[in-house]
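In: A predicted structure for the sequence below; I have some questions about it.
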Amino acid sequence: MANQEVVERLTHIESILSTLVETTDRPFNLGDAAEYLNLSKSHLYQLTRSGAIGHYKPAGKKIFFDKSDLDEYLRRNRVRPQWEIDAAIVARGSLS
């Protein structure tokens, strides 16, 4: 790997880290939230309209999101791994 390529990669990483630090303390706008969730803006807007994701409309028009609301949305409908299901079945059997 050439030195120039290493420098370019480090610069890119620094940029990403800087953006992450900036976004953790301020609300996300629609574009930032859509990028964070890897969704289109229109799909994210539909989620807000249906009440599927928490958001704020301080002036009644622009939409903002807390990172915690975005993370909560991502963590919905968890699919349990098979080992966890098996452990629950064993635990129920030992209670009988």
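Out: Happy to help now that I have it.
In: what's around residue 10, how many residues?
Out: When neighbours are defined as other Cβ atoms under 10 Å, residue 10 has 10 of them. (C-beta placed from N, C-alpha, C; glycine too.)
In: can you check the one 4 residues further on too?
Out: When neighbours are counted by other Cβ under 10 Å, residue 14 registers 10.
In: avg pLDDT for the helix or strand hosting it?
Out: Using DSSP states H and E, residue 14 sits within helix 3-24. The average of the pLDDT scores along helix 3-24 is 82.
In: give the next helix or strand downstream of it.
Out: Following helix 3-24 in sequence, per DSSP H and E, is strand 28-29.
In: that next one packs against which elements?
Out: The helices and strands touching strand 28-29, judged by 3 or more Cβ pairs under 8 Å, 6 or more residues apart in numbering; DSSP states H and E, are strand 64-65.
In: which other residues reach the strand it packs on?
Out: Applying Cβ atoms under 8 Å, 6 or more residues apart in numbering, the contact partners of strand 64-65 are 27-30, 33, 53-58.
In: which of those residues are buried, as a ChimeraX select command?
Out: ChimeraX command restricting the contacts of strand 64-65 to the buried ones, with burial defined by 16 or more other Cβ atoms under 10 Å:
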select :27,28,30,33,53,55
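In: and of the contacts of strand 64-65, the nearest to residue 40?
Out: Nearest to residue 40 among the contacts of strand 64-65 is residue 30, at 10.5 Å by Cβ to Cβ.
In: burial count for the nearest residue to that closest one once chain neighbours are set aside?
Out: Among residues not flanking residue 30 along the chain, residue 63 sits closest, at 5.1 Å (Cβ to Cβ, 6 or more residues apart in numbering). Using other Cβ under 10 Å, residue 63 has 19 neighbouring residues.
In: same check, this time on the one 10 residues further on
Out: Neighbourhood size, residue 73 [other Cβ under 10 Å]: 18.
In: rewinding a little: got the CA positions of the helix holding residue 14 in PDB?
Out: The C-alpha trace of helix 3-24 is given here as PDB (Å, rounded to 0.1, in the frame of the first residue of the first chain):
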ATOM      1  CA  ASN A   3       2.000   6.100   1.500                       C
ATOM      2  CA  GLN A   4      -0.500   8.400  -0.400                       C
ATOM      3  CA  GLU A   5      -3.200   5.700  -0.200                       C
ATOM      4  CA  VAL A   6      -2.600   5.400   3.600                       C
ATOM      5  CA  VAL A   7      -2.900   9.100   4.000                       C
ATOM      6  CA  GLU A   8      -6.100   9.300   1.900                       C
ATOM      7  CA  ARG A   9      -7.600   6.500   4.000                       C
ATOM      8  CA  LEU A  10      -6.700   8.100   7.300                       C
ATOM      9  CA  THR A  11      -8.100  11.400   6.100                       C
ATOM     10  CA  HIS A  12     -11.400   9.600   5.200                       C
ATOM     11  CA  ILE A  13     -11.500   7.900   8.600                       C
ATOM     12  CA  GLU A  14     -10.900  11.300  10.300                       C
ATOM     13  CA  SER A  15     -13.800  12.800   8.400                       C
ATOM     14  CA  ILE A  16     -16.100  10.000   9.300                       C
ATOM     15  CA  LEU A  17     -15.200  10.200  13.000                       C
ATOM     16  CA  SER A  18     -15.600  14.000  13.000                       C
ATOM     17  CA  THR A  19     -19.100  13.600  11.500                       C
ATOM     18  CA  LEU A  20     -20.000  11.000  14.100                       C
ATOM     19  CA  VAL A  21     -18.900  13.300  17.000                       C
ATOM     20  CA  GLU A  22     -20.900  16.200  15.500                       C
ATOM     21  CA  THR A  23     -24.100  14.200  15.100                       C
ATOM     22  CA  THR A  24     -24.100  12.600  18.500                       C
END
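In: no further questions, thank you.
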